[in-house]
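Visitor: 3D, please:
(one chain, ligands or ions: 1)
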Amino acid sequence: MNGLHRAYLLLYNVILAAGWASIGWAAVREYNQSGHVNHLFRATEKSLFIFQTAAVLEVLNAALGLVKSSVMITAFQVASRLFLIWGVLSPVPQTQNSLGYVLILCAWTVTEVIRYTFYALNQLNMTPYLLTYLRYTLFIILYPMGVTGELICIAKALPVVLSAKLYSWGLPNAWNLSFDYYYVLIGVIPLYVIFFPQLYSHMFRQRKKILSPRSVDKEVKSR
Ligand SMILES: CCCCCCCCCCCCC/C=C/C(=O)SCCNC(=O)CCNC(=O)[C@H](O)C(C)(C)COP(=O)(O)OP(=O)(O)OC[C@H]1O[C@@H](n2cnc3c(N)ncnc32)[C@H](O)[C@@H]1OP(=O)(O)O
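Guide: Model (predicted):
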């Protein structure tokens, strides 16, 4: 890895870690001031949308070989989050004050502050073990928590999308085509059932590789 490459990754990870920390800080400040979670979305939406959308670069980084992540896994992870913010939270205000949003906010923020800080310190070869441990352990709880939050938001959006015919058009029209966003939302739910176990088990494999490298070596030698 040359100096420019390392500098880019350092800068990218520092900006994203700071961005996610600012989201967490805004959420905590709002909760402390109001004592409830009703305005969490309003307090965090701008930075959440900016920093989550910036994660498109993550897919590009993997596709261009700048980082060793799998392009497919990263793409699914980022696609589901972008779909959630742009396709569900933004157009359906009823999802914004739901338990789903609180779960998403907690799971995504804690994960990303730790993950980007871990990657940034890795560029400087100064990652403390505790951070590595948290990066490869907290997902065990935060991943199901985030997915549950996402599914709650989609479920909350369904009746609203159906009754308002959001992003949908019926026949007759000039193109002779109909489209129902309600069924798109319904269709996304099984994708979670198919892809979440794969992403989750990927993280367990990464955990084993990083936290117990000897047991992975032994497995490889015994084959
Ligand atoms: C159109 C609609 C589509 C809908 C699709 C729906 C289906 C989706 C279903 C699943 C839904 C998931 C929803 C997600 C919810 C949440 O996120 S909840 C919060 C909890 N989440 C997590 O804990 C996420 C954990 N997941 C991950 O971390 C991802 O799998 C990952 C982001 C893709 C990372 O995986 P991976 O890259 O394989 O792991 P690492 O070990 O971290 O990295 C591998 C190597 O690459 C290096 N690297 C990666 N990124 C960077 C970087 N930014 N900077 C520097 N280096 C990087 C990393 O250091 C590793 O290198 P080596 O150590 O040298 O191997």
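Visitor: Only C-alpha atoms from now on, for both contacts and neighbour counts.
Guide: OK.
Visitor: Give the closest residue to the most centrally placed residue in the chain in space, chain neighbours not counted.
Guide: Centroid check for the chain by C-alpha atoms, centre = their mean gives Arg81 as the closest residue, at 4.8 Å. Setting aside the residues directly before and after it, Arg81 is nearest to Gln52 in space (C-alpha to C-alpha, 6 or more residues apart in numbering), at 7.5 Å.
Visitor: Tell me how many other residues crowd that neighbour.
Guide: For Gln52, the tally of surrounding residues (other C-alpha atoms under 10 Å) stands at 18.
Visitor: The one 10 residues further on too?
Guide: Using other C-alpha under 10 Å, Ala62 has 18 neighbouring residues.
Visitor: Now do the contacts for it.
Guide: Counting by C-alpha atoms under 8 Å, 6 or more residues apart in numbering, Ala62 touches Lys68, Ser69, Ser70, Val71, Thr74.
Visitor: Just flag the most distant two among the residues you listed.
Guide: Between any two of the contacts of Ala62, the greatest separation by C-alpha to C-alpha is 10.6 Å, found for Lys68 and Thr74.
Visitor: ok, which stretches of the protein are strands?
Guide: With DSSP state E as the definition, the chain shows no strands.
Visitor: Tell me where it has helices.
Guide: All helices of the chain, identified by DSSP state H, fall at 3-34, 40-53, 56-63, 71-82, 99-123, 129-135, 139-164, 181-211, 213-222.
Visitor: Please identify the deepest-packed of those helices.
Guide: Mean neighbour count, computed with mean count of other C-alpha atoms under 10 Å, is highest for helix 99-123 among those, reaching a mean of 20.
Visitor: related to what we said a few turns ago, which ones, among the contacts of Ala62, also lie beside the ligand?
Guide: The overlap between those and the neighbourhood of the ligand (criterion: C-alpha under 6 Å from any ligand atom) consists of Lys68, Ser69, Ser70, Thr74.
Visitor: which among those end up buried?
Guide: With neighbours counted by 16 or more other C-alpha atoms under 10 Å, the ones next to the ligand among the contacts of Ala62 contain buried members at Thr74.
Visitor: got the residues of this structure near the ligand?
Guide: 9, 13, 67-70, 73-74, 76-77, 79-80, 83, 107-108, 111, 119, 139, 142-143, 146-147, 188, 191-192, 195-196, 199, 203, 206.
Visitor: Contacts only, for the spatially closest residue to Thr74 that is not a sequence neighbour.
Guide: Among residues not flanking Thr74 along the chain, Val59 sits closest, at 5.9 Å (C-alpha to C-alpha, 6+ apart). Remark: with contacts taken as C-alpha under 8 Å, 6+ apart, Val59 is in contact with Val71, Thr74, Ala75, Val78.
Visitor: repeat that for 10 Å
Guide: With C-alpha atoms under 10 Å, 6 or more residues apart in numbering as the criterion, the residues that contact Val59 are 65, 67, 69-79.
Visitor: how near is it to Val71?
Guide: Here Val59 is placed at a distance of 6 Å from Val71 (C-alpha to C-alpha, to the nearest Å).
Visitor: which residues do those two both contact?
Guide: Between them, Val59 and Val71 share the neighbouring residues Gly65, Gln77, with contact defined by C-alpha under 10 Å, 6+ apart.
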